[in-house]
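**Q** A structural model of the following input is requested.
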Amino acid sequence: MLVAASATSPAVGSFYISRSIKEQPRLRIAVRSSAISVATILTKLQKDCATPLPVLRHVADSMSADMRAGLDVDGCSDLKMILSYVDSLPTGYVPKGYIVERNEKGLFYALDLGGTNFRVLRVQLGGKDERLIPTEFEQVSIPQELMFATSEELFDFIASVLANFATKEGGKFHLPPGRKREIGFTFSFPVNQTSIDSGILIKWTKGFAVSGTAGKDVIACLNEAMDRKGLDMRVSTLVNDAVGTLVGARYWDDDVVVAVILGTGTNACYVERMDAIPKAKLLGDFSPSGSMASATPAPQTHPRVHSQPLHAFHATVQAVHHLHLAPHPPCTKESLPQHPSPYQLGTPDLSAMLQDNTDDLHTVGSTLYDVLGVESNLNSRKIVLEVCDTIVKRAGRLAGAGIVGILQKIEEDSKGAIFGKRTVVAMDGGLNEHYPQYRRYLKEAVAELLGPETSLNIVMEHSKDGSGIGAALLAATYSKYEHNQ
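**A** So this is what the prediction gives:
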């Protein structure tokens with residue numbers, strides 16, 4: 001649903017106290033045609049949130065510049081350009097001119113831990129001809145108490161779920177004799193990665209406060225838990241959701257060059273040339289294996305540089321909570337009920353309201369009532385929609401500018417690598433998946449920045465749950481066994 005971000009009639013939002021059927025105090029928003037003009041408030045908000053083309057260009061250019069600074073030396077940029085230690089991609093993707101010597105085959109597992117839910121999955125790879133044959137997965141919610149438990153308790157729970165999932169293996173899934181099961185681990189929390197299969201947890205985020213893990217290798221924690229549960233499985237790779245999404249999408253489409261996650265956490269990744277990463281030379285133990293090297297001359301690549309540039313863009317969506325319609329006398333600000341915490345209107349609430357197509361905007365009204373305890377009339381709901389649309393328009397357009405900044409940087413380094421041909425950006429995360437207005441504004445910003453002709457070649461492709469598949473594919477790529485078994 002398209003909601004115009006304009007307000008033409010003077011009005012004021014006035015608050016009254018009423019009683020619900022449960023005798024609970026509720027706020028009521030009523031719109032009057034006198035006193036302070038809501039149109040003035042909305043106009044100011046729209047002006048403050050505006051993202052005209054010069055602003056978008058500045059964001060894109062700053063993104064490119066900060067990426068270069070982050071690749072130069074750690075600490076020189078606001079962007080954390082973190083090396084992934086992935087120096088070889090699955091050969092389902094075959095770059096033109098490369099001689100491929102690997103051919104992923106066999107049974108591989110993945111564990112995808114990125115929040116309060118985690119997924120375990122297995123894939124049977126059939127080689128270059130059949131590629132991904134069957135796939136099975138289970139999604140499990142982490143009990144609330146384990147989010148505040150010890151490291152051993154959390155990883156023991158994860159290992160137990162994984163062990164139970166492994167016992168159900170059968171049918172089209174088969175492990176060749178003499179082989180140990182191998183697993184790729186997608187771990188979307190801050191880590192200091194030291195190799196393809198090790199990483200030190202910096203801190204827990206996303207509501208987790210697990211004791212005894214910070215400063216430890218998360219792969220070692222998982223391996224120890226699997227040993228305690230008698231699960232004979234080898235963790236071969238550690239990646240985050242952006243890396244997994246890039247690998248999973250690129251396995252099927254060799255035009256994928258960037259992966260972007262827009263959700264609870266936000267980051268992006270892309271394939272970078274090794275000669276464009278000066279700080280990689282400072283890492284004495286970092287030595288790309290060169291398994292993607294070919295007989296034809298080609299720059300060595302590092303299949304992932306990870307940044308966290310888009311966090312501030314999507315966080316803006318939730319700022320609607322801070323908009324207060326001016327109270328009409330005699331009701332004063334001090335007499336209004338105070339909300340116990342900020343950000344009560346979350347992104348799913350804004351998305352649901354903006355997709356309300358009912359004549360009386362019933363979804364908007366019920367959301368305001370259920371979440372904030374506010375009763376509203378139709379005119380008030382229309383104003384709320386204009387506020388929501390203004391906020392999400394800013395968020396989506398800024399995210400689009402950030403993506404253009406990544407593409408722009410790649411093109412500047414390798415002319416013709418991006419513009420002038422089909423280029424796919426693999427997208428995942430709740431904002432991209434469930435928020436159509438956000439997607440539309442993001443794409444509009446990309447088109448404005450690149451122009452109609454160039455932007456036609458830029459494809460924003462949803463890659464749902466690609467991070468888990470990508471981790472399994474990397475487990476195959478870094479398998480210690482030959483793929484012809």
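
**Q** any chance you could map the helices in the stretch 151-300 of the chain?
**A** 151-167, 218-228, 241-252 (DSSP state H, counting those that start in this stretch).

**Q** Could you say which one of those helices comes nearest to residue 403?
**A** Evaluated over the helices of the stretch 151-300 of the chain, closeness to residue 403 peaks at helix 241-252, with 12.6 Å, by Cβ to Cβ. All C-beta atoms are positioned from the backbone trio N, CA, C, and that covers glycine.

**Q** starting at the chain centroid, how far to the closest one?
**A** Computed by Cα atoms, centre = their mean, to the nearest Å, the chain-centroid distance of helix 241-252 equals 12 Å.

**Q** Next: stretch 440-457.
**A** Put simply, stretch 440-457 sits 21 Å off its chain's centre (Cα atoms, centre = their mean).

**Q** quick one: contacts of that stretch?
**A** 51, 53, 56-57, 60, 392-393, 395-401, 403-404, 419-423, 458, 460 (Cβ atoms under 8 Å, 6 or more residues apart in numbering).

**Q** quick revisit: would you mind finding the most buried of the helices of the stretch 151-300 of the chain?
**A** For these, the largest average neighbour count (mean count of other Cβ atoms under 10 Å) is found in helix 241-252, namely a mean of 29.

**Q** and that helix, what does it pack onto?
**A** In terms of contacts (3 or more Cβ pairs under 8 Å, 6 or more residues apart in numbering; DSSP states H and E), helix 241-252 is packed against strand 181-187, strand 256-262, strand 266-273, strand 301-307, strand 423-428, helix 466-477.

**Q** can we see that at 7 Å?
**A** Helix 241-252 makes packing contacts with strand 256-262, strand 266-273, strand 301-307, strand 423-428, helix 466-477 when contacts are defined by 3 or more Cβ pairs under 7 Å, 6 or more residues apart in numbering; DSSP states H and E.

**Q** Mind putting those into CSV with distance to residue 435, mean neighbour count and mean pLDDT?
**A** CSV is the format used below for the helices and strands packed on helix 241-252 (distance: least, Cβ to Cβ, whole Å; neighbours: other Cβ atoms under 10 Å; pLDDT from 0 to 100):
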stretch, distance to residue 435, mean neighbour count, mean pLDDT
strand 256-262, 9, 26, 92
strand 266-273, 13, 23, 85
strand 301-307, 22, 23, 40
strand 423-428, 11, 24, 94
helix 466-477, 18, 30, 89
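
**Q** pull the longest helix from this protein.
**A** For the chain, the longest helix by residue count, based on DSSP state H, is helix 378-413.

**Q** what is the mean pLDDT for that helix?
**A** Taken as a whole, helix 378-413 has a mean pLDDT of 93.

**Q** quick one on the thing from earlier: could you tell me which of the contacts of stretch 440-457 count as buried?
**A** Neighbour-count burial (16 or more other Cβ atoms under 10 Å) applied to the contacts of stretch 440-457 gives 51, 56-57, 60, 392-393, 395-401, 403-404, 419, 423, 458, 460.

**Q** any idea how far residue 226 is from residue 444?
**A** 47 Å (Cβ to Cβ, to the nearest Å).

**Q** picking up where we left off before, identify whichever of the helices of the stretch 151-300 of the chain lies nearest to residue 85.
**A** Nearest of these to residue 85, taken as Cβ to Cβ: helix 241-252 at 9.7 Å.

**Q** Could you list the alpha-carbon positions for that closest one in CSV?
**A** These are the backbone C-alpha positions of helix 241-252, laid out as CSV (Å, rounded to 0.1, in the frame of the first residue of the first chain):
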residue,chain,number,x,y,z
ASP,A,241,25.1,-14.8,8.1
ALA,A,242,26.4,-12.4,5.4
VAL,A,243,29.1,-14.8,4.3
GLY,A,244,26.8,-17.7,4.2
THR,A,245,24.2,-15.8,2.2
LEU,A,246,26.8,-14.8,-0.4
VAL,A,247,28.1,-18.3,-0.7
GLY,A,248,24.6,-19.9,-0.9
ALA,A,249,23.3,-17.4,-3.5
ARG,A,250,26.5,-17.5,-5.6
TYR,A,251,26.4,-21.3,-5.8
TRP,A,252,23.4,-21.0,-8.0
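
**Q** Show me where the chain dips below the pLDDT cut-off.
**A** By pLDDT under 70, the low-scoring segments of the chain are 1-36, 91-103, 127-133, 282-342, 482-485.

**Q** And for the residue nearest the centre of it, nearest residue in space, chain neighbours not counted?
**A** Centroid-nearest residue in the chain, with Cα atoms, centre = their mean: residue 261, separated by 2.2 Å. Closest residue to residue 261 apart from its sequence neighbours, by Cβ to Cβ, 6 or more residues apart in numbering: residue 429 at 4.6 Å.

**Q** What of residue 125?
**A** Using Cβ to Cβ, 6+ apart and skipping the chain neighbours, the partner closest in space to residue 125 is residue 104 (4.7 Å).

**Q** Then residue 472?
**A** residue 110 (3.9 Å).

**Q** got it, and residue 180?
**A** In this structure, residue 180 finds its nearest non-sequential neighbour in residue 234, 5.3 Å apart by Cβ to Cβ, 6+ apart.

**Q** My read is that the one you found contacts residue 182, right?
**A** Yes: using Cβ atoms under 7 Å, residue 234 is in contact with residue 182, at 5.0 Å.

**Q** so which helix or strand takes in the residue nearest to residue 472?
**A** Using DSSP states H and E, residue 110 falls within strand 105-113.

**Q** One more: residue 441?
**A** Here residue 441 is covered by helix 436-450, with elements defined by DSSP H and E.

**Q** and that helix with strand 423-428, angle?
**A** Here helix 436-450 runs at an angle of 150 degrees relative to strand 423-428 (axes from the mean of the first three to the mean of the last three Cα atoms, to 10 degrees).

**Q** how much does helix 436-450 deviate in direction from strand 256-262?
**A** 140 degrees.

**Q** Would you mark the buried spots in helix 436-450?
**A** Neighbour counts over helix 436-450 (16+ other Cβ under 10 Å) mark 437-439, 441-443, 445-450 as buried.

**Q** cool, and stretch 62-78?
**A** Buried-residue list, stretch 62-78, by 16+ other Cβ under 10 Å: 62-64, 66-68, 70-71, 77.
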